[in-house]
Structures are given as C-alpha cells and as structure tokens.
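**Q** Structure for this input, please:
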Amino acid sequence: MIKDFLVVHKDIVPKNVLLVIDAQKLINEEHLSVSDACKKVDISRGTFYKYKDLVFMPSIEVGKKAIFSFVLENKKGVLSNLLNNIASHGGNILSINQEMPINGIAFVTITIDVIDATSELDAFISMITKLDGVRSAKLLTIE
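**A** The predicted structure is shown next:
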C-alpha cells in the first residue's frame, strides 16, 4: 500500500542504504556487475540485495508510474474489467505481464501511469479488490 512508503531526507538514512543507491547507479549507468559495484562503493552483496528493491532515488516525474500485482480468477472478462476500471479512474496502462493461469488463478503485474489518476492509490486498490474475480491487488512500487 502507498502508506508503506516514506519520503525522507538522505541525512537521516543509514550510510549503507545510500551506498546501495550509489551501487544501483553504477550498475545502471556504468553497466558494472553487482559484485564490482559493491566493491567500488564498499558494501557487501548481502547489503545490496537486502535493500536494492526498497530504496531508490526519485525521478523528475515522481509519482508517475506505479507497478501493481494482481491475483485474478481465470474467468472470461475479469482482466478486461480490471483494465477498464483502471482506465476509467485515469490510469494509463504501460505494460501487462500475465503468468500462465494455474488452478484457476492468474497472476498479473501491471505498470500504470498514475499521474492523471482520479483517486488516491489506497482508494484505488480498495475499489479494485471489490471487482468480481479480483482476489487481491498490491502496490509493488511507485516512481
């Protein structure tokens, strides 16, 4: 949920967490391996992997993209209804990844441009989980 995220000044963040961000930058911009980036910023690979999915630098377009994970019943029209509801609330779908349904359940990850969303993300998730065939909805990350 969106309530799980904080915006804090870097002066109060532990040094190792900031070094993880530095390592991510080296990996993304200089194409270093995880091992090489960790050596260069002087952190362990364990520290990197512990925090890599939890810390990030905001982009210029803060709050524009959100990635959601959905568990859907594998019934005709469930995904279509979900997509229509996202669009009707101002979400612009950027990507969809659906796993092969197993035992009548489909796992779907959707990246949504939420800059024009008409409702708060918590309210959006609450509304989506009430749709027929939607077993769960979870915000994975927001940029």
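
**Q** D4: neighbour count?
**A** Around D4 sit 7 other residues, with neighbours defined as other CB atoms under 10 Å. Bear in mind the C-beta positions are built from the backbone N, C-alpha and C, glycine included.

**Q** For A66, see how far away it is.
**A** In this view, D4 and A66 are 13 Å apart by CB to CB, to the nearest Å.

**Q** Now for the two: what residues contact both?
**A** L139 (CB atoms under 8 Å, 6 or more residues apart in numbering).

**Q** so F124 sits in a helix?
**A** Yes - under DSSP: H, G, I helix; E, B strand; the rest coil, F124 sits within a helix.

**Q** right, and it touches H89 too?
**A** Yes - in terms of CB atoms under 8 Å, F124 counts as a neighbour of H89; the distance is 6.0 Å.

**Q** Quick check: neighbours shared by the two?
**A** A117.

**Q** Looking at these two, which one has more neighbours?
**A** Shown here are F124 and H89; by other CB under 10 Å, F124 has more neighbours (24 against 17).

**Q** who's in contact with that one?
**A** For F124, the contact set (CB under 8 Å, 6+ apart) comprises H89, G91, A117.
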